[in-house]
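> Here you go, sequence then predicted model.
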Amino acid sequence: MPIKVLEPEVVSKIAAGEVIERPASVVKELIENSLDAGATQIAVESQGGGVELIKVSDNGVGIPASELELAFHRYATSKISNITDLGSIGSLGFRGEALPSIATVAEVEILTQTASDSIGSYMYLRKGDVVRKESRARPQGNTITVRRLFRYFPVRLKFLKSVNTENSHIAHLVSEYALAFPEVKFSLVLDKRLSLRTTGNGDLREVVNEIYGSELAQRMLKVEQKDGLAKVSGLTSPPSLARSNRNYLSFFVNRRWVRSPLLSRATEEAYRGLLMDGQHPIAVINISLPVQELDVNVHPAKAQIKFCHEQAVFSNVQKAIEGTLARTAIASPKAVPFSLSPWQWQSPRMIMDIEPAFAVAQLPTLELPVLRVLGQLANTYTIAEGPNGLYLIDQHAAHERILYDRILAQWSQKEVEVQGLLQPITIELSPREEETLKASEEFLAEFGFTIEPFGNRSYLIRAIPALMAKANIIEIISVLLDSLASKEGLSSWEEKIAQSLACHGAIRAGQQLSNEEMQELIKQLEQTKQPRSCPHGRPTMIHLSSHQLEKEFGRIG
Ligand code: ADP
Ligand code: MG
């Protein structure tokens, strides 16, 4: 085919597809516009995962009747006017692409009123064309209603996930903006159900309370650092409060919600040595920088940014959080729960590294011999004797292996042993977790959980899988919802979920066990298919053969 310039219609479709990836992208663009318009109240409504309807109303400045049509032209914006402005963007929007893009992929109604126009104006667009325009009354502000998203984009529509999944993306997005703007009153109604409401009183902790629940809101620690290139403020979790993934890290740079591996790393760096493997902090971090220090024009959906001085920002954030953690560690030594006493062994791997002479016998994946428990070491390892030497068994890894095998066996036989709780446990879910819960009700029931709504994003747990009876149920549910939220596209997600349930359900290192309990642990471990490694592939035990012992003690040459 010869080279030719694409028709404007094709160009606009391509561009729209970049800006509007899924229903939550529409919500994002509309919320950003409301915030740029100085709104103090933003109401979001969505139906059918946002495909049927998305409606965003605000009390911002509105659009003058004379500019209403222009607002739907590509690259029409009131926020920047020349190339110099592009270097110092203070607003969330600036590309002038959102409204035209949305109008290209959906039917749009807009009703708007400014302070100076005598009456408001209404406009209806279909496939990007104005179908109707008239004067209509409205208090000052703007309402945009988007219907039948992607109706003429069957490919995009096909790639959308279930209604509940799209709802959970929308819930997440609105939650993030509510965290970024505590002074703005947000509400979110999903399929006629109130999912989130904030007061707009400016208190970040209150927003955290609304989204993550009261326990977390009370325990989060204040971060505040005013010097340095980047000013850093917000809330971060004490090391005793952690999550199994990075979904609870929120970063706002000059009030723009961004996904930034750099900022995630800086935050996690501050927790180095304080969290167990696979645990991540919860943090809501605001970073404020001179606008020239930032390039926000690197992504069509404005989800990414570039810092001019990455290293400085990194260390500002790390130091700010480290400072917070250090202050609380002094105030309450218990805040750092995972530190090991000096005589405790770090992990089997450490032993191998330090003392290569104690080369560990290559463990064949054989059945375990009969073992006799001699005692517990550092409340973490079972010392046992077998026909051919000494065994050190990591109680956590061993229990993990046992639980993992049993969980999968029960799932595959569809015979999950359930234990009712005499006293139901109440949990508070975030808006996004609630959507995941609704999307996963069937699985949760199959896995042995009975969870009932208790109003206001509170839920009652009435029954749990018997295998999890000794675990921290609230933690298990949160881990489970995290895993279910990210299971899409994972082929082996059941194994993954079983893995994290086993990990969180297993006895911890540091827990004292009686000889009978250890004997029982070993007995159960013997019955697993791979007793010598945990589901993550780490060893459950170290074996020192009689031969090795004799050699080490110089009994033989
Ligand atoms: P951008 O936000 O990049 O300027 P948009 O396509 O999102 O581009 O919006 C175009 C213009 O429409 C904005 O520059 C603004 O002037 C106006 N506008 C959009 N939404 C609102 C709103 N909720 N309140 C007031 N003005 C708005
Ligand atoms: Mg915009």
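Nice, I can see it. Ligands and ions are numbered 1, 2, ... in the order given.
> quick one: the helices in the stretch 101-250 of the chain?
Along the stretch 101-250 of the chain, counting by DSSP state H, counting those that start in this stretch, helices occupy 154-159, 163-180, 204-212, 214-219.
> Name the residues of stretch 177-184 that are buried.
Buried residues in stretch 177-184, counted by 16 or more other CB atoms under 10 Å: 177-182, 184. Placement of C-beta: from N, CA and C, glycine included.
> where does the protein have its least confident helix or strand?
Lowest by mean pLDDT, DSSP states H and E among the helices and strands of the chain is helix 348-354, with a mean of 29.
> show me the biggest helix of the chain in terms of residues.
Identified as the longest helix of the chain according to DSSP state H is helix 310-331.
> For it, C-alpha coordinates in PDB please.
Extracted C-alpha coordinates of helix 310-331, given in PDB (Å, rounded to 0.1, in the frame of the first residue of the first chain):
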ATOM      1  CA  GLU A 310      15.200  11.300  40.100                       C
ATOM      2  CA  GLN A 311      17.900  10.500  42.600                       C
ATOM      3  CA  ALA A 312      17.000  13.500  44.800                       C
ATOM      4  CA  VAL A 313      13.300  12.700  44.800                       C
ATOM      5  CA  PHE A 314      14.100   9.100  45.600                       C
ATOM      6  CA  SER A 315      16.200  10.000  48.600                       C
ATOM      7  CA  ASN A 316      13.800  12.700  49.800                       C
ATOM      8  CA  VAL A 317      11.000  10.200  49.900                       C
ATOM      9  CA  GLN A 318      13.100   7.400  51.500                       C
ATOM     10  CA  LYS A 319      14.400   9.700  54.200                       C
ATOM     11  CA  ALA A 320      11.000  11.200  55.000                       C
ATOM     12  CA  ILE A 321       9.600   7.700  55.600                       C
ATOM     13  CA  GLU A 322      12.700   6.500  57.400                       C
ATOM     14  CA  GLY A 323      12.400   9.500  59.700                       C
ATOM     15  CA  THR A 324       8.800   8.600  60.500                       C
ATOM     16  CA  LEU A 325       9.600   5.000  61.200                       C
ATOM     17  CA  ALA A 326      12.700   5.900  63.300                       C
ATOM     18  CA  ARG A 327      10.600   8.300  65.500                       C
ATOM     19  CA  THR A 328       8.000   5.700  66.200                       C
ATOM     20  CA  ALA A 329      10.500   2.900  66.800                       C
ATOM     21  CA  ILE A 330      12.000   5.000  69.600                       C
ATOM     22  CA  ALA A 331       8.600   5.800  71.000                       C
END
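> before we move on, back to that, redo the buried residues of stretch 177-184 as CSV? Include pLDDT and distance to ligand 1.
Shown next, in CSV, are those (pLDDT from 0 to 100; distance: CB to the nearest ligand atom, whole Å):
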residue, pLDDT, distance to ligand 1
Tyr177, 97, 14
Ala178, 98, 17
Leu179, 97, 20
Ala180, 97, 16
Phe181, 97, 14
Pro182, 97, 20
Val184, 98, 13
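> Point out where this structure drops to low pLDDT.
329-367, 489-491 (pLDDT under 70).
> Ligand 2 contacts on that one?
Neighbours of ligand 2 within the chain, by CB under 5 Å from the ion: 33, 93, 98.
> got the buried residues for stretch 377-386?
380-384, 386.
> which one among the residues you listed gets closest to Gly87?
Taking CB to CB as the measure, Gly87 lies nearest Thr380 of the buried residues of stretch 377-386, at 56.1 Å.
> separation between the closest one and Ile63?
64 Å (CB to CB, to the nearest Å).
> can you check Arg538 too?
Using CB to CB, Arg538 is found at 59 Å from Ile63.
> Restricted to helices, list the residues of the chain next to ligand 2.
Secondary structure defined by DSSP H assigns 33, 98 of these to helices.
> Out of the residues of the chain next to ligand 2, which are close to ligand 1?
Contacts with ligand 1 within the residues of the chain next to ligand 2, counted by CB under 6 Å from any ligand atom: 33, 93, 98.
> who touches the second one in this structure?
So the one you mean is Gly93. Contacts for Gly93 (CB atoms under 8 Å, 6 or more residues apart in numbering) come out as 29, 32-33, 36, 77, 79, 302.
> could you pull out the helices for the stretch 451-557 of the chain?
For the stretch 451-557 of the chain, the helices defined by DSSP H, counting those that start in this stretch occupy 473-485, 493-505, 515-526, 546-552.
> How about the stretch 301-450 of the chain?
Per DSSP H, counting those that start in this stretch, the stretch 301-450 of the chain carries helices over the ranges 310-331, 348-354, 395-412, 431-439, 441-446.
> deepest of these, which one?
Highest mean neighbour count among the helices of the stretch 301-450 of the chain (mean count of other CB atoms under 10 Å): helix 431-439, with a mean of 24.
> that's a helix at Phe251, yeah?
No - if the criterion is DSSP: H, G, I helix; E, B strand; the rest coil, then Phe251 is strand and not within a helix.
> Excluding chain neighbours, what is closest to it?
Leu263 (4.5 Å; CB to CB, 6 or more residues apart in numbering).
> For ligand 2, see how far away that neighbour is.
Using CB to the ion, to the nearest Å, we find Leu263 at a distance of 23 Å from ligand 2.
> I'd assumed Ser250 was in contact with that residue.
No - look at Leu263 against Ser250 with CB atoms under 8 Å: they stay out of range, at 9.7 Å.
> Common neighbours of the two, please.
Here Leu263 and Ser250 share the contacting residues Ile285, scored by CB under 8 Å, 6+ apart.
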